[in-house]
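K.L.:
let's see this in three dimensions:
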Amino acid sequence: MTEHEPIDFRLEAPPGYVLQSEDGCYAVERMQFEHWKKLEPREKLALADEMCATMRELSLAGLRMSHPDWSEAQIARKGLEIWLGEECYQRFFSAGMLP
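P.N.:
Sure thing, here's the model as predicted:
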């Protein structure tokens, strides 16, 4: 599949193929996989880093919407607890390593 080749959305997935997401499209997944294959490792890492940053921003925004009465410090602490997991968060928090 080339960059300028039209996408045939009718393209059927091979038997046994499982889409990466429930609302995905096999043709689009093929394009994404082909694109990823062409990327240098540093480019893949940069994209992963960007996705993680976006996830953190979205989760903090969700916490702000769900808890409008919380301070930014409370939002940040709850975000850390969610990202690290409760056990890891408690271990670092009790050791004074987190705010």
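K.L.:
please make it C-alpha for all contacts and neighbour counts, starting now.
P.N.:
Fine.
K.L.:
can you point out the buried residues in the longest helix along the chain?
P.N.:
Assignment by DSSP state H gives helix 41-66 as the longest helix of the chain. Counting neighbours by 16 or more other C-alpha atoms under 10 Å, one finds that the buried residues in helix 41-66 are 56, 59-60, 63-64.
K.L.:
now stretch 33-48, how far from the centre of its chain.
P.N.:
Its chain's C-alpha centre lies 15 Å from the corresponding centre of stretch 33-48 when counted by C-alpha atoms, centre = their mean, to the nearest Å.
K.L.:
identify each buried residue in the helix or strand containing residue 30, please.
P.N.:
The secondary structure element spanning residue 30 is helix 26-38 (assigned by DSSP states H and E). Buried residues in helix 26-38, counted by 16+ other C-alpha under 10 Å: 26-27.
K.L.:
and the angle for that helix with helix 41-66?
P.N.:
Using axes from the mean of the first three to the mean of the last three C-alpha atoms, to 10 degrees, the direction of helix 26-38 lies 130 degrees away from that of helix 41-66.
K.L.:
roughly how far is helix 26-38 from the heart of the chain?
P.N.:
Remark: helix 26-38 is offset 17 Å from the chain centroid, using C-alpha atoms, centre = their mean.
K.L.:
average pLDDT for it?
P.N.:
For helix 26-38, mean pLDDT is 92.
K.L.:
can I get that helix as PDB, trimmed to CA atoms?
P.N.:
As requested, C-alpha coordinates have been extracted for helix 26-38 and formatted as PDB (Å, rounded to 0.1, in the frame of the first residue of the first chain):
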ATOM      1  CA  TYR A  26      -8.700  -3.400   8.600                       C
ATOM      2  CA  ALA A  27      -7.700  -1.200   5.700                       C
ATOM      3  CA  VAL A  28      -6.800   1.700   8.100                       C
ATOM      4  CA  GLU A  29      -4.900  -0.600  10.400                       C
ATOM      5  CA  ARG A  30      -2.800  -1.800   7.500                       C
ATOM      6  CA  MET A  31      -2.000   1.800   6.600                       C
ATOM      7  CA  GLN A  32      -1.000   2.500  10.200                       C
ATOM      8  CA  PHE A  33       1.200  -0.600  10.500                       C
ATOM      9  CA  GLU A  34       2.900   0.200   7.200                       C
ATOM     10  CA  HIS A  35       3.500   3.800   8.400                       C
ATOM     11  CA  TRP A  36       5.000   2.500  11.700                       C
ATOM     12  CA  LYS A  37       7.300   0.100   9.900                       C
ATOM     13  CA  LYS A  38       8.900   3.100   8.100                       C
END
